[in-house]
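Enquirer: Quick one, what's the 3D model for this:
(chains A and B)
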Amino acid sequence: MAKKTYDLLFKFLLIGDSGVGKTCILFRFSDHAFSTSFISTIGIDFKIKTVELRGKKIKLQIWDTAGQERFHTITTSYYRGAMGIMLVYDITNEKTFENIAKWLRNIDEHANEDVEKMILGNKCDMEENRVVSTERGESIAREHGIRFMETSAKANVNIDRAFGELAEAILEKTHGKELHDAPDRVTVDRRVERSSTRWC
Amino acid sequence: MSEENPESLLKNDAGKNKDKVFCTFCPSKVLNQGSATFVNIQFSLPYMQRKGDGQADERESISDYWLVEDMYTFENIGVSNTVENVKYLACADCERGPIGWHDLKTKKSYIALSRVKHA
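Expert: Below you'll find the predicted structure:
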C-alpha cells in the first residue's frame, strides 16, 4: 500500500448557468488549435490539483456540473461530500447573475449546510461587453455573507487565488483542531470515493 | 522519444520515476519523483491531436507507462469522462492529452513515458 502523499482532500464543485465559463475556470485554454483534440471531444469529468497551505499538502478534487444544470437535475447526489462550491456567473450576461440567487437556494436545499461558498464573476469575454458591475457582485455576496471575486479564466486572472482562498477558508474551519483530527478528513475522503462510484 | 529517453535512465533501482513528471506543453507538474512505478503494459492511446477528419479514431500503441496506484498521488491531473470503462488522463492546466489512462476496475492509472516530460 502506497503511503499517503497528502494531508487533506477537499472536494470542490463549480456551479452556475451553462455558458458562464465554468469549464473555462477549470483552467482550460480555449486555444482554437486544440479544439478538435480527443480530450476536448469526450470532455473532462474532474480535476485533481495540489495546493500547499500552511505547510499542509492539500488535494483539490474539482468537479464541473458537465451540463447537468440544463436539465435542473443538480441534486443531493452531486453535492454529496462537497466542501467548497464556486458559484459562477458571467459578467457579460445579466440572466446568469440573476440566477445566482436561485443557485444559492438550490445549494441551501441540497448541499451540506457548512459548505464553503464563493461567488465568481467570470469574464471569458471582453470587458467591453460587461453588463454586471463589480459592485453588484460584491453586493449580493455581502448580502449572503460569502466571498466574492472577479476572474478571467482566459487571462488566468484570480483563478488560482480563488481556489486557494476557498481552500484556505475550509482549512480555517478545521484549524485549531489538533493534527490527530486528520482522521476526520479521511471520512470525507471515503465519502468522496463513494460518490465517485458514478464513474462506473 | 523512447530512444532519447530510454526508460532505464528514467527509473531508479526500485523501478520508480527518478525525475518529476511534467506536461510537455505547459509547466504543469503531473507527478513528484518516486511516486510512480515503471510497467510494461500494452495499451493504445488516441493521438494527442487529430490530424484530419478521416483519422479521428487513430490510436498509438504504447507499452512504457508509469503506474500510479492511487489517483490522489497525482500533483495535477485532468480526468476525462468515461469511455468503455476507461477514463483518459490529460494535463490539468492545458488539458492536452491523453497522456495516459485510468482503469475504473482496478482504480490504477497509467502515464505514457513518451507523452510527458521528465525533469
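Enquirer: contacting residues around the residue of chain B found nearest chain A?
Expert: Using C-beta to the nearest C-beta, B:P46 is the residue of chain B that sits closest to chain A, at 4.2 Å. For every residue, glycine as well, the C-beta is placed using N, CA and C. Contact analysis of B:P46 by C-beta atoms under 8 Å, 6 or more residues apart in numbering or on different chains lists A:38, B:57-60, B:88, B:98.
Enquirer: Alpha carbons of the biggest helix by length in chain A, in CSV - could you do that?
Expert: Criterion DSSP state H: the longest helix present in chain A is helix A:159-174. The C-alpha coordinates for helix A:159-174 follow below in CSV (Å, rounded to 0.1, in the frame of the first residue of the first chain):
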residue,chain,number,x,y,z
ILE,A,159,-8.3,31.7,-10.8
ASP,A,160,-5.5,30.2,-8.6
ARG,A,161,-6.2,32.8,-6.0
ALA,A,162,-9.9,31.9,-5.9
PHE,A,163,-9.2,28.2,-5.4
GLY,A,164,-6.6,29.0,-2.8
GLU,A,165,-8.9,31.2,-0.9
LEU,A,166,-11.7,28.7,-0.8
ALA,A,167,-9.3,26.0,0.3
GLU,A,168,-7.9,28.4,3.0
ALA,A,169,-11.5,29.1,4.2
ILE,A,170,-12.1,25.3,4.6
LEU,A,171,-8.8,24.9,6.3
GLU,A,172,-9.7,27.8,8.6
LYS,A,173,-12.8,25.9,9.8
THR,A,174,-10.8,22.9,10.7
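Enquirer: picking up where we left off before, are any of the contacts of B:P46 buried, and which?
Expert: Buried subset of the contacts of B:P46 (neighbour count, 16 or more other C-beta atoms under 10 Å in any protein chain shown): A:38, B:88, B:98.
Enquirer: quick one: the second one and A:S37 touch, right?
Expert: Meaning B:Y88. No. Here B:Y88 does not reach A:S37: they are 10.7 Å apart, not a contact under C-beta atoms under 8 Å.
Enquirer: Give me the common contacts of the two.
Expert: The contact lists of B:Y88 and A:S37 share B:G97, where a contact means C-beta under 8 Å, 6+ apart.
Enquirer: what's the neighbour count on B:P6?
Expert: 11 (other C-beta atoms under 10 Å in any protein chain shown).
Enquirer: Can you list the low-confidence ranges for chain B?
Expert: Across chain B, the ranges flagged by pLDDT under 70 are B:1-5, B:50-57.
Enquirer: Which residues are in contact with A:V115?
Expert: A:V115 touches A:79, A:82-85, A:107, counting by C-beta under 8 Å, 6+ apart.
Enquirer: Please list only the buried members of the residues you listed.
Expert: For the contacts of A:V115, a burial check counting by 16+ other C-beta under 10 Å picks out A:79, A:82-85, A:107.
Enquirer: Please narrow these to those residing in helices.
Expert: A:79, A:107.
Enquirer: Which members of the buried ones among the contacts of A:V115 are the farthest-apart pair?
Expert: Across these, no pair lies farther apart than A:M83 and A:I107, at 12.6 Å, counting by C-beta to C-beta.
Enquirer: Quick check, the residue in chain A closest to chain B?
Expert: A:F38 (4.2 Å).
Enquirer: That residue: what's it in contact with?
Expert: Neighbouring residues of A:F38 by C-beta under 8 Å, 6+ apart: B:46-48, B:50, B:88, B:97-98.
Enquirer: Same question for A:E165.
Expert: A:118, A:147, A:149.
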